[in-house]
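Visitor: Model the structure of this input:
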Amino acid sequence: MRYLDRLNQVLIRLLTVIGGFFLVAMVLLICANIFSRNVWVPIKGTFELMGFFGAVVTAFALGYTQAGKGHIAVDVLINTFSAKTRRLLQMVNNGICTVFFGIAAWQIAVKATTLMKTGEVTETLRIIYYPFTYAVAFGCLVLALVMLTDLLKNLTPPKERES
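Guide: Residues are numbered from 1 along each chain as shown. Below you'll find the model as predicted:
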């Protein structure tokens, strides 16, 4: 369990830093585009880059948000159940989400491989798609790993989790 927690923390930290760089690049590009639009002409390809960078920032934030329990949860009904029932529902939810995001990562990676083989590029800047698509797949995979870790934590008794 400690190994998975440590692996999650390393991956989450790495993705958070990379996502932060992409977010800063988005802000700088938007500011530069606004300035250049007022002075001269807009920067070509800004829309394409915002789409790619936004996808990376969002995908890389998924694991961090799940690890910090930052996703929206409506637990009005769940809180009326016993602790054992809540734990069971959490396990079911974590299991379903692990499978879902694992499949999502796999299918997105398959799409990225197809994009790589076909040589698909953007219309304006002629940027290749597949690295960004693989990045989104990796973000989903990290989320699946965090969900799997949460599932395993719920499966083990509290005393064993501490050791």
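Visitor: Run through the protein and note the low-pLDDT ranges.
Guide: Residue ranges of the chain with pLDDT under 70: 158-163.
Visitor: What ranges does it have for its helices?
Guide: Here the chain has its helices, by DSSP state H, at 2-39, 46-67, 83-118, 130-155, 158-162.
Visitor: out of those helices, nearest to residue 74?
Guide: For the helices of the chain, the distance to residue 74 is smallest for helix 83-118, at 12.4 Å, taking C-beta to C-beta. Glycine gets a C-beta too; all of them are placed from N, C-alpha and C.
Visitor: for the closest one, packing partners?
Guide: Contact here means 3 or more C-beta pairs under 8 Å, 6 or more residues apart in numbering; DSSP states H and E; on that basis helix 83-118 packs against helix 130-155.
Visitor: What residues of the helix it packs on count as buried?
Guide: Buried residues in helix 130-155, counted by 16 or more other C-beta atoms under 10 Å: 130, 132-154.
Visitor: returning to what we had before: same list, the helices of the chain, but as JSON lines with distance to residue 124 please.
Guide: JSON lines is the format used below for the helices of the chain (distance: least, C-beta to C-beta, whole Å):
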{"stretch": "helix 2-39", "distance to residue 124": "13"}
{"stretch": "helix 46-67", "distance to residue 124": "6"}
{"stretch": "helix 83-118", "distance to residue 124": "17"}
{"stretch": "helix 130-155", "distance to residue 124": "15"}
{"stretch": "helix 158-162", "distance to residue 124": "51"}
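Visitor: quick one, which of those helices is packed in tightest?
Guide: When you average the neighbours per residue for each of the helices of the chain (mean count of other C-beta atoms under 10 Å), helix 130-155 leads with a mean of 21.
Visitor: First-to-last residue distance for stretch 115-126?
Guide: Using C-alpha to C-alpha, to the nearest Å, the end-to-end distance of stretch 115-126 comes to 13 Å.
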